[in-house]
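>>> kindly generate the corresponding structure for this input.
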Amino acid sequence: MGILKNEYKSFLDDIEKNIKNKEDLEYIKVRFSSFLDVMLEQMDYIMEYKKEEIEKIESNQKAINEKMSKMQDVLDNIEKDIYSDEGFDFEITCPYCNYEFIIDVDENKTEIECPECQNLIELDWSGDTEEGEEHHNCNGNCSGCHDCDEDDDM
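Presented below is the predicted three-dimensional model:
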């Protein structure tokens, strides 16, 4: 506001030098002062309006940041669940006796013994259920997959 005060003083000094009629000079001073008051009121109104708008934006931004923080926590937990260092549980149904049991995923294991019937179950971690053309009808989900081996004997 220092610049505005300096300009106002400069304006008054200028009109006092250039307007010789005291009545006209006083009229201009009063009229300009009145105009300046209206302008300053409008500037104050605009500043207050902008201040309120900025406060709304800051409040909304704070709420958004809180939501994003909560979402990040959820994502972090999902990531921990997906990429857990503890390993994964894998449910197996024995193709020989239909006994269901759970093992930890270990891609280095190629077979596991059924705890119920003690038969060895071959593990294929690739997700590919087709072993060759002779098994093209087998989807790997039947309880009698061991019968596929018997087809080879025929």
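
>>> please compute how far the helix or strand in which Lys5 is found lies from its chain's middle.
Assigned by DSSP states H and E, Lys5 belongs to helix 2-18. In terms of CA atoms, centre = their mean, to the nearest Å, the centre of helix 2-18 is set 56 Å apart from its chain centre.

>>> other residues contacting that helix?
Contact with helix 2-18 is made by 25, 28-29, 32, 36, as judged by CB atoms under 8 Å, 6 or more residues apart in numbering. Just so you know, the C-beta spots here come from the backbone N, C-alpha and C atoms, and that holds for glycine as well.

>>> report the buried members of those residues.
Applying 16 or more other CB atoms under 10 Å to these, the neighbour count classes 25, 28 as buried.

>>> about what we covered before: which strands or helices does the next helix or strand after the helix holding Lys5 pack on?
Later in the chain than helix 2-18, the nearest helix or strand by DSSP H and E is helix 22-82. Secondary-structure packing of helix 22-82 (3 or more CB pairs under 8 Å, 6 or more residues apart in numbering; DSSP states H and E): helix 2-18.

>>> repeat that with 6 Å
Judged by 3 or more CB pairs under 6 Å, 6 or more residues apart in numbering; DSSP states H and E, helix 22-82 has no packing partners among the helices and strands.

>>> how about low-confidence regions in this protein?
Per-residue confidence for the chain (pLDDT under 70) gives these ranges: 1, 81-88, 126-154.
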